[in-house]
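*Asks:* got a predicted structure here, sequence first:
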Amino acid sequence: MTGDWLTSTHVAVVAGKGGVGSSTVAAAMALAAARQGADVLFVAVDGRPGMGPLLGGPSLDDTDRILQRVKGAGQVRGRTIPAAQAFGDYLDLKGVGGLLRRAASATSLPMIAAATPGLEHLLVLGKIKELERARAADLIVVDAPPAGHAAPFLRSASGLSDVVQSGPIRDQAQEVVEMLRDPARCQAVLVTLPEVTPVTELLELAAELGDELGIALLPTVLNACWPERAGLMKSSAVAAKAQNVKLSAHDKRVLDDATAFGRSRLEHQHEQLERLRGALDTPIIELPRLPTPSFGRNELSVLADALAGHAAASS
């Protein structure tokens, strides 16, 4: 993997099981790429408005706004893509304008979407495709729906392409499929925690994206990793003796219980890391666990540094 993996494609789709931190990883990736000089567009598919303030700007809506300018480097912009807006933009693209476009957008989408499963996902992906085609940014970071919905979201184009034989929907679907399957245009970043169920779901999602949909994978992110601590291998009595400290029996029990817990967490983490390494061909990026009551811009900066540091170490 080259050192510029953060900007090695035009669209990076970031996905993972709900609760693994895929949205914060997507935001950290956007910030890390901006620090390398890129003009980055952060797209929240599920409309998470709070990602805007995390990235230094206002809450996200369907307007493209600058969230943060990095001094001497690039910038991060952000927006959502509601399906109704994507539908209206698509009508504009096809030459349907004015009052007719607004009326069609307001009244037709719910009816058409109900009769065409996957259409709303296709409209959003189609808008992303148009932004990529127009080079609206050096990098478009897509904060995808959670793992259970990420595959249907990305599969919508190929699914509709298979069942719709002709017309604008098929054309749009085929163009989206072409983007998804071109590594220079689009790749995916999968995020998980060092735990059994999230890793299992990530491996299932990786198989769906790679084997079934033909989407190339960027490095996999193992989020919230516990730090390696050599001292966990020592008993409290040995550690106390080395420091010439006397411990009560109670203190020894408490410290031994704590070190046993720490060893167990690290052993479990190592097992899940080996599962990933054995099943995936992609590099694994380990991001640190950041125990904090409120995840904010300082914590996001730490994750961005870790992603950029991995890129530098890989060059």
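*Replies:* Happy to help now that I have it. Numbers count the residues shown, from 1 in each chain.
*Asks:* only C-alpha atoms for contact and neighbour calcs from this point on.
*Replies:* Fine.
*Asks:* residue ranges with poor pLDDT in the chain?
*Replies:* For the chain, the stretches flagged by pLDDT under 70 are 1-3, 87-118, 147, 160-167, 311-315.
*Asks:* and the residue of it positioned farthest from its centre, backbone torsions?
*Replies:* What lies farthest from the middle of the chain is residue 246; by CA atoms, centre = their mean that is 48.6 Å. Listed backbone geometry of residue 246 is phi -100, psi 130, with angles given as degrees, to the nearest 10.
*Asks:* again with residue 58
*Replies:* Here the main-chain torsion angles of residue 58 (degrees, to the nearest 10) amount to phi -80, psi 170.
*Asks:* same thing with residue 293?
*Replies:* Dihedral angles of residue 293 (phi, psi; degrees, to the nearest 10) stand at phi -70, psi -20.
*Asks:* any idea which helix is longest in this structure?
*Replies:* For the chain, the helix that runs over the most residues, judged by DSSP state H, is helix 249-279.
*Asks:* does residue 135 count as helix, strand or coil?
*Replies:* coil (DSSP: H, G, I helix; E, B strand; the rest coil).
*Asks:* how many neighbouring residues does it have?
*Replies:* Other residues near residue 135 come to 12 when the count uses other CA atoms under 10 Å.
*Asks:* the next helix or strand after the longest helix of the chain versus helix 249-279: what angle between them?
*Replies:* Sequence-wise, the next helix or strand downstream of helix 249-279 (DSSP states H and E) is strand 284-288. With axes from the mean of the first three to the mean of the last three CA atoms, to 10 degrees as the criterion, the two stretches strand 284-288 and helix 249-279 enclose an angle of 150 degrees.
*Asks:* tell me what strand 284-288 is packed against?
*Replies:* Other elements packing on strand 284-288 under the criterion 3 or more CA pairs under 8 Å, 6 or more residues apart in numbering; DSSP states H and E are strand 220-225, helix 297-313.
*Asks:* helices or strands next to the host helix or strand of residue 203 in the packing?
*Replies:* Of the helices and strands defined by DSSP H and E, residue 203 is found in helix 196-207. Using 3+ CA pairs under 8 Å, 6+ apart as the contact criterion, the secondary-structure elements in contact with helix 196-207 are helix 147-163, strand 186-192, helix 249-279.
*Asks:* out of the helices and strands packed on strand 284-288, which is closest to residue 57?
*Replies:* Nearest to residue 57 among the helices and strands packed on strand 284-288 is helix 297-313; the distance by CA to CA comes to 10.9 Å.
*Asks:* quick one on the thing from earlier: who's in contact with the helix holding residue 203?
*Replies:* Defining contact as CA atoms under 8 Å, 6 or more residues apart in numbering, one finds that helix 196-207 is touched by 16-17, 20, 147, 151, 190-193, 217, 272, 276, 279-280.
*Asks:* try 7 Å this time
*Replies:* Helix 196-207 has contacts (CA atoms under 7 Å, 6 or more residues apart in numbering) with 16-17, 147, 151, 190, 192-193, 272.
*Asks:* what's the answer for stretch 215-230, then?
*Replies:* By CA under 7 Å, 6+ apart, the list of residues contacting stretch 215-230 reads 180-181, 183, 187-194, 209-210, 266, 282-290.
*Asks:* out of those, which are buried?
*Replies:* For these, burial is judged from neighbour counts taken by 16 or more other CA atoms under 10 Å, and it is met by 180-181, 183, 187-194, 209, 266, 282, 284-287, 290.
*Asks:* thinking again about what came up before, any chance of the helices and strands packed on helix 196-207 in JSON lines, plus distance to residue 170?
*Replies:* Converted to JSON lines, the helices and strands packed on helix 196-207 look like this (distance: least, CA to CA, whole Å):
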{"stretch": "helix 147-163", "distance to residue 170": "5"}
{"stretch": "strand 186-192", "distance to residue 170": "20"}
{"stretch": "helix 249-279", "distance to residue 170": "34"}
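*Asks:* and the ones you listed, which is most packed in?
*Replies:* Of all the helices and strands packed on helix 196-207, strand 186-192 has the most neighbours on average by mean count of other CA atoms under 10 Å, namely a mean of 26.
*Asks:* what packs against that one?
*Replies:* Other elements packing on strand 186-192 under the criterion 3 or more CA pairs under 7 Å, 6 or more residues apart in numbering; DSSP states H and E are strand 11-16, helix 196-207, strand 220-225.
*Asks:* point out the most buried one among the ones you listed.
*Replies:* Most buried of those, by mean neighbour count (mean count of other CA under 10 Å): strand 11-16, with a mean of 27.
*Asks:* please name the strands paired to that one in the sheet, noting orientation.
*Replies:* Sheet partners assigned to strand 11-16 using DSSP bridges are listed as strand 139-143 (parallel), strand 186-192 (parallel).
*Asks:* run through who's touching the longest one.
*Replies:* Right, the one you point to is strand 186-192. Contacts of strand 186-192 with the rest of the structure, by CA under 7 Å, 6+ apart, involve 9-17, 20, 22, 179-180, 198-199, 202, 215-223.
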